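Engineer: any chance you can model this:
(one chain, ligands or ions: 2)
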Amino acid sequence: MKIAVVGTGYVGLVSGTCFAETGNHVICVDNNVQKVERLRNGELPIYEPGLEVIFKRNTEDGRLEFTTDLLDAVNRAQIIFLALPTPPGEDGSADLSYVLGVAEELGKIITDYKVIVDKSTVPVGTSEKVTAAVEKHAKVDFDVVSNPEFLREGVAVEDFLKPDRVVIGTSSERAKSLMHELYEPFVRQGNPIYFMDERSAEMTKYAANSYLATRITFMNEIANLCEKVGADVDMVRIGMGSDRRIGKRFLFPGVGYGGSCFPKDVQALGKTAGENDYNFQILKSVMEVNNAQKYVLAHKIKSHFNNDLKGKRIAIWGLAFKPNTDDIREAPAIFIINELLEAGAKVVAFDPEAMENMKAIFGDKVEFIKHRYDALKDADALAIVTEWSVFRTPDFDFMAELMKEKVIFDGRNLYKLEQMKQFGFYYNSIGRNTVEQKQLTPAE
Ligand SMILES: NC(=O)c1ccc[n+]([C@@H]2O[C@H](COP(=O)([O-])OP(=O)(O)OC[C@H]3O[C@@H](n4cnc5c(N)ncnc54)[C@H](O)[C@@H]3O)[C@@H](O)[C@H]2O)c1
Ligand SMILES: O=c1ccn([C@@H]2O[C@H](COP(=O)(O)OP(=O)(O)O[C@H]3O[C@H](CO)[C@@H](O)[C@H](O)[C@H]3O)[C@@H](O)[C@H]2O)c(=O)[nH]1
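Structural biologist: Ligands and ions are numbered 1, 2, ... in the order given. This next block holds a predicted model:
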């Protein structure tokens with residue numbers, strides 16, 4: 001099949017590459033000239049595991065192209081995906097100007113039947129708005145389909161190639177059949193393709209993200225309570241998660257959810273509720289609790305040092321909003337670092353992939369260090385913000401030698417309490433007892 005993908009960001013690039021991988025011809029369009037130049041030169045603008053190999057294969061085979069020319073891409077495609085930004089507007093609702101702007105352009109340029117597929121996350125009713133925008137100028141038949149995307153950054157290729165399910169909202173039999181043909185190779189293990197109406201498809205996306213954000217937030221509250229009553233949230237998590245009605249995934253407490261999706265999508269669903277005269281109370285609490293959770297680690301650090309971080313050197317391990325990505329959109333690290341800087345700390349940071357992006361925000365206010373252990377030299381404390389695998393089994397003896405104080409604040413519960421006692425660290429994590437530093441007596 002011939003496909004155009006408009007918007008070549010995290011979703012557009014991964015979707016386009018994966019569609020090419022199943023033998024389709026894909027042209028990715030972006031209005032960012034530099035980005036398209038880099039892609040044409042074989043350079044990926046994002047870090048996403050597994051993407052490089054299939055990107056290379058499909059560009060070299062000529063099945064995957066990049067352009068800034070919307071007209072040319074659309075003329076050569078039968079199915080046009082919109083993978084455009086839908087950032088929060090000033091009032092928290094999703095800003096549809098990118099999607100509707102391109103939809104209007106499409107109306108001007110399509111000369112034969114096209115399926116226009118919305119892959120961006122958009123509020124209920126958007127497919128009707130897209131239809132109206134295209135219709136303004138269109139002189140030929142077209143169908144608008146809602147096909148929300150559920151990939152997670154860091155495992156995006158795997159998620160896209162083997163989705164748990166594909167959701168397609170359309171009332172057109174013609175579009176349904178084309179979409180079925182396109183997605184069939186991705187569900188060979190028997191995972192379902194659910195066809196439904198456009199509004200239900202749009203709502204499914206927000207419901208899924210808001211539910212997951214709620215689940216994480218619930219666990220963050222359980223963790224905060226565990227600390228107060230002396231329970232261990234990791235034991236509680238395992239105990240709860242083994243109930244098949246609950247399930248084990250997405251129960252990890254931490255420093256609050258971040259990223260380009262959960263924060264904006266929870267907010268946008270709340271906005272949709274408000275506009276429809278519905279008081280969605282849980283979502284309000286989720287946002288409130290998550291906003292507070294982003295500061296929990298920084299507050300622990302401040303309180304450990306009596307609220308005065310002047311002259312304190314705090315090392316940060318992990319800046320990306322989650323491991324295996326360079327994405328820092330709404331990353332908890334941003335909030336934590338700001339809080340530490342405000343309290344007068346000297347912040348030194350390491351992340352395997354996200355340092356360049358973070359430099360663009362903090363410049364020389366933060367010292368970015370190339371190797372994880374170098375960040376620990378003379379540090380008064382280490383704060384772990386993102387659970388990159390490389391942080392899981394460090395050399396604790398070496399860390400103790402490097403650091404001025406053996407103090408760890410762990411926002412991701414990476415280490416065992418016993419381990420920390422053994423190596424003599426003060427260790428404060430999320431929802432577990434604090435390990436106090438062992439005071440050596442003269443006899444010892
Ligand atoms: N990032 C994710 O993990 C994820 C997952 C599922 C759904 N989504 C949704 O998918 C949509 C896109 O998200 P993203 O993270 O890929 O965004 P992104 O910001 O990474 O990418 C969007 C791209 O669109 C381009 N663009 C903007 N205006 C354009 C125009 N007029 N013509 C051509 N290109 C244009 C930008 O230059 C950018 O490259 C959003 O609605 C998001 O909520 C994102
Ligand atoms: O148990 C958990 C799981 C996640 N998180 C946090 O939640 C945020 C989001 O993580 P994740 O969902 O893994 O990453 P995203 O790439 O943002 O993916 C979410 O958002 C995408 C965009 O809409 C959807 O497509 C995905 O299905 C949905 O999982 C991150 O800050 C994580 O640290 C936790 O705190 N605890």
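Engineer: all the strands of the stretch 201-350 of the chain, residue numbers only.
Structural biologist: For the stretch 201-350 of the chain, the strands defined by DSSP state E, counting those that start in this stretch occupy 313-317, 346-350.
Engineer: quick one: closest of those strands to ligand 2.
Structural biologist: Closest to ligand 2 of these is strand 313-317 (CB to the nearest ligand atom; 14.3 Å). C-beta: built from backbone N, CA, C; applies to glycine.
Engineer: near ligand 1, which residues of the stretch 151-300 of the chain are found?
Structural biologist: By CB under 6 Å from any ligand atom, the residues of the stretch 151-300 of the chain that approach ligand 1 are 151, 153, 260-261.
Engineer: on that earlier part again, take the strands of the stretch 201-350 of the chain and write them to TSV, including mean neighbour count and distance to ligand 1.
Structural biologist: Converted to TSV, these look like this (neighbours: other CB atoms under 10 Å; distance: least, CB to the nearest ligand atom, whole Å):
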stretch	mean neighbour count	distance to ligand 1
strand 313-317	26	23
strand 346-350	22	23
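Engineer: quick check: domain ranges of this protein?
Structural biologist: 2-189, 205-293, 296-428 (automatic domain parsing).
Engineer: distance of the closest residue to Gln189 other than its chain neighbours from Val145?
Structural biologist: Spatial nearest neighbour of Gln189, excluding adjacent residues (CB to CB, 6 or more residues apart in numbering): Lys162 at 6.8 Å. With distances taken as CB to CB, to the nearest Å, Lys162 is found 21 Å from Val145.
Engineer: now do Asn290
Structural biologist: According to CB to CB, Asn290 and Val145 sit 32 Å apart.
Engineer: Lys162 and Val145: which has the busier surroundings?
Structural biologist: Val145 (25 against 12; other CB atoms under 10 Å).
Engineer: helix or strand: which one has the more buried one?
Structural biologist: Per DSSP states H and E: Val145 is located in strand 142-146.
Engineer: contact residues of the stretch 101-250 of the chain facing ligand 2?
Structural biologist: Residues of the stretch 101-250 of the chain lying close to ligand 2 by CB under 6 Å from any ligand atom are 121, 149-153, 209, 212, 216, 250.
Engineer: separate out the buried members of these.
Structural biologist: In terms of neighbour count (16 or more other CB atoms under 10 Å), the buried residues within those are 121, 149-151, 153, 209, 212, 216.
Engineer: quick check: the farthest pair among those residues?
Structural biologist: Glu149 and Ile216 (19.7 Å; CB to CB).
Engineer: wait, what's in contact with the residue positioned nearest the centre of the chain?
Structural biologist: Nearest to the geometric centre of the chain sits Gly259, at 3.9 Å (CA atoms, centre = their mean). By CB atoms under 8 Å, 6 or more residues apart in numbering, the contact set of Gly259 is 153, 321-322, 327, 329-331.
Engineer: for it, give me phi and psi.
Structural biologist: When read as degrees, to the nearest 10, the backbone of Gly259 gives phi 100, psi 180.
Engineer: now do the same contact list for Val140.
Structural biologist: 110-114.
Engineer: where in the stretch 51-200 of the chain is pLDDT low?
Structural biologist: Nowhere does the stretch 51-200 of the chain drop to pLDDT under 70.
Engineer: what's the closest of the contacts of Gly259 to Ala231?
Structural biologist: Using CB to CB, Lys322 comes nearest to Ala231 of those, at 25.8 Å.
Engineer: separation between Leu382 and Glu405?
Structural biologist: Note on Leu382: its distance to Glu405, by CB to CB, is 9 Å.
Engineer: then the helix or strand that contains Leu39 to PDB, C-alphas only?
Structural biologist: Secondary structure here is read from DSSP H and E; on that basis Leu39 sits in helix 33-40. The C-alpha trace of helix 33-40 is given here as PDB (Å, rounded to 0.1, in the frame of the first residue of the first chain):
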ATOM      1  CA  VAL A  33      13.300  21.300   7.200                       C
ATOM      2  CA  GLN A  34      16.400  20.400   9.400                       C
ATOM      3  CA  LYS A  35      14.700  17.200  10.600                       C
ATOM      4  CA  VAL A  36      13.900  16.100   7.100                       C
ATOM      5  CA  GLU A  37      17.400  16.800   6.000                       C
ATOM      6  CA  ARG A  38      18.800  14.700   8.900                       C
ATOM      7  CA  LEU A  39      16.500  11.800   8.100                       C
ATOM      8  CA  ARG A  40      17.400  12.000   4.400                       C
END
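Engineer: can you list the buried residues in the next helix or strand after that helix?
Structural biologist: The helix or strand immediately downstream of helix 33-40 is helix 51-60, counting by DSSP H and E. Within helix 51-60, the residues that count as buried by 16+ other CB under 10 Å are 51, 54-55, 58-59.
Engineer: from those, which is closest to ligand 2?
Structural biologist: Among the buried residues of helix 51-60, and counting by CB to the nearest ligand atom, the member closest to ligand 2 is Leu51, at 13.9 Å.
Engineer: just give the nearest non-adjacent residue to the closest one, would you?
Structural biologist: Val157 (5.5 Å).
Engineer: if I look at the one you found, how far off is Val74?
Structural biologist: Going from Val157 to Val74 by CB to CB gives 26 Å.
Engineer: do the same with His25
Structural biologist: From His25 over to Val74 the distance is 14 Å, taken as CB to CB.
Engineer: and if you look at Phe218?
Structural biologist: 44 Å.
Engineer: what does Glu135 give?
Structural biologist: Distance from Glu135 to Val74, counting by CB to CB: 16 Å.
Engineer: who has more neighbours, these two?
Structural biologist: Val74 (22 against 13).
Engineer: which phi and psi values does the closest residue to ligand 1 within the stretch 1-150 of the chain adopt?
Structural biologist: In the stretch 1-150 of the chain, the residue found nearest to ligand 1 is Gly9; the distance is 1.7 Å by CB to the nearest ligand atom. Dihedral pair for Gly9: phi -100, psi -150, per degrees, to the nearest 10.
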